[in-house]
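Chemist: Could you look at this predicted model? Sequence included:
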Amino acid sequence: MSGLVFNDVSKHFGNFAAVDRVNLSVPHGTFVCMLGPSGCGKTTLLRMVAGLEEPTTGTILLDGKDITPVPTHKRNLGMVFQSLALFPHLTVGENVAYPLRIRSMAKEEQKKRVEELLTLIHLPGYAERPVSKLSGGQRQRVAIARALALSPRLFLLDEPLSALDAKLREAMQVELRQLQQKLGITTIVVTHDQREAMTMADLVVVMGDGRIRQAASPIDIYRKPADAFVADFIGSTNLLTVEADSAGRAIVLGQPVPGLSLPNGMAKGLISIRPEDVHLAKNANGGIRGKVTFIRDLGGTIETFVDASGTTIVAVTTPRERGDITAGAEVNVVLPADSCVVLKQ
């Protein structure tokens, strides 16, 4: 089934390219998280989908139709802004019913639809409550219900959970994902929160400098980053210089990594290895020799920082796996070949 398609979409502000030649196909019913640092172009791209910005070049298609010239109010989109933009002088029910009222829906139908939506967002019986009396999470749900009132073809959210505290934000991530799965609506969320993207998305779109650096499933973004930018931006990783020796072996910090080789024609590059894949041992053959400089106990995990010839390598273990490694200890750092991703430098 058709979905949302970006064909060579760019947006320039003067000589600055906020979005630079974006090509992307989003299947119908997909939950997409656009992720990247501030200024990478993700919000501008979302605003172009909403019709709030006009592309400088390129087209945006929805279900096979070019919506680039279509005004915002005719695109049948639901959108939740970072500020939520609820009307403080209206009740919960009046806020949810607002888009229905301006479309002149009959009052009885409005009431029925509001009741359906409040049940959907787990706030049945809240129609008469003032918005000002709601918690942050409840106001978030009301904003979502209002955006869904007209059964939009696309659901767009710009940093929707950023104002919530950490615990409530994580709970809302799960609720939003479950709601999207129930409705089957194509959803695009702009976020700078990596955990949010990894929790909710079918498709993670990592942006940098106005371009899509990688678009893939959360697990592929994490385990198979396309380049050093993606590897470094998503989660924590160790980026280490790797070179091929005369025998074709991959050499990291002067030591070969058993089982790892560089692609044909690559003499030098980088490897990305996640801290949880790094093994430390006090007495082992092979590996990279280093000294433990710092240990950070986070309760559920322990981060160990190792200095190896001036390069810091971080390993993460659970308390059960920690062993007797202490600060100041000499250790061997083992990099399993199947956990190393070779990247161009």
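Modeler: That came in fine, so what should we check first?
Chemist: Who are the packing partners of the strand or helix carrying residue 95?
Modeler: If you go by DSSP states H and E, residue 95 is part of helix 92-102. If contacts are counted by 3 or more CB pairs under 8 Å, 6 or more residues apart in numbering; DSSP states H and E, helix 92-102 sits against helix 107-120, helix 136-148. No exception for glycine: its C-beta is placed from N, CA and C like everyone else's.
Chemist: Summarise which helices and strands the first one is packed against.
Modeler: Packed against helix 107-120, as judged by 3+ CB pairs under 8 Å, 6+ apart, are the following elements: helix 92-102, helix 136-148.
Chemist: Repeat the analysis, applying 10 Å as the threshold.
Modeler: Under the contact definition 3 or more CB pairs under 10 Å, 6 or more residues apart in numbering; DSSP states H and E, helix 107-120 sits against helix 92-102, helix 136-148, helix 166-183.
Chemist: Tell me which residues of stretch 305-323 come out buried.
Modeler: 305-306, 308, 311, 313-317 (16 or more other CB atoms under 10 Å).
Chemist: for residue 289, what are its contacts?
Modeler: Contacts here follow CB atoms under 10 Å, 6 or more residues apart in numbering; on that basis residue 289 touches 253-255, 306, 308-309, 330-333.
Chemist: And for residue 210?
Modeler: Contacts of residue 210 by CB under 10 Å, 6+ apart are 10-12, 16-22, 36, 39-42, 44-45.
Chemist: all strands of the stretch 201-345 of the chain, in order?
Modeler: Ranges of strands in the stretch 201-345 of the chain, per DSSP state E, counting those that start in this stretch, are 203-208, 211-216, 238-244, 250-252, 255-256, 268-273, 279-281, 288-297, 302-308, 311-317, 330-334, 341-343.
Chemist: Skipping adjacent residues, who's closest to residue 254 in space?
Modeler: Nearest residue to residue 254, sequence neighbours excluded (CB to CB, 6 or more residues apart in numbering): residue 309, at 7.1 Å.
Chemist: do you know how far the residue positioned nearest the centre of the chain is from residue 35?
Modeler: Per CA atoms, centre = their mean, the C-alpha nearest to the average position across the chain is that of residue 197, at 2.9 Å. Separation of residue 197 from residue 35 (CB to CB, to the nearest Å): 5 Å.
Chemist: go on, residue 95?
Modeler: Where residue 35 is concerned, residue 95 sits at a distance of 29 Å (CB to CB).
Chemist: Compare the two (neighbour count), which wins?
Modeler: residue 35 (29 against 24; other CB atoms under 10 Å).
Chemist: Specify the beta-bridge partners of that one.
Modeler: residue 191, residue 206 (DSSP bridges).
Chemist: circling back: would you mark the buried spots in the helix holding residue 95?
Modeler: 92-100.
Chemist: So for it, mean pLDDT?
Modeler: Predicted confidence along helix 92-102 averages 91 (mean pLDDT).
Chemist: how distant is it from the center of its chain?
Modeler: Chain-centre distance of helix 92-102: 31 Å, with CA atoms, centre = their mean, to the nearest Å.
Chemist: then that helix to PDB, C-alphas only?
Modeler: The C-alpha trace of helix 92-102 is given here as PDB (Å, rounded to 0.1, in the frame of the first residue of the first chain):
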ATOM      1  CA  VAL A  92     -10.900  18.800  27.800                       C
ATOM      2  CA  GLY A  93     -13.900  17.900  25.700                       C
ATOM      3  CA  GLU A  94     -14.000  21.300  24.100                       C
ATOM      4  CA  ASN A  95     -10.400  21.100  23.200                       C
ATOM      5  CA  VAL A  96     -10.800  17.600  21.600                       C
ATOM      6  CA  ALA A  97     -14.000  18.700  19.800                       C
ATOM      7  CA  TYR A  98     -12.400  22.000  18.400                       C
ATOM      8  CA  PRO A  99     -11.400  20.600  15.000                       C
ATOM      9  CA  LEU A 100     -14.800  18.900  14.700                       C
ATOM     10  CA  ARG A 101     -16.700  22.100  15.500                       C
ATOM     11  CA  ILE A 102     -14.800  24.200  12.900                       C
END
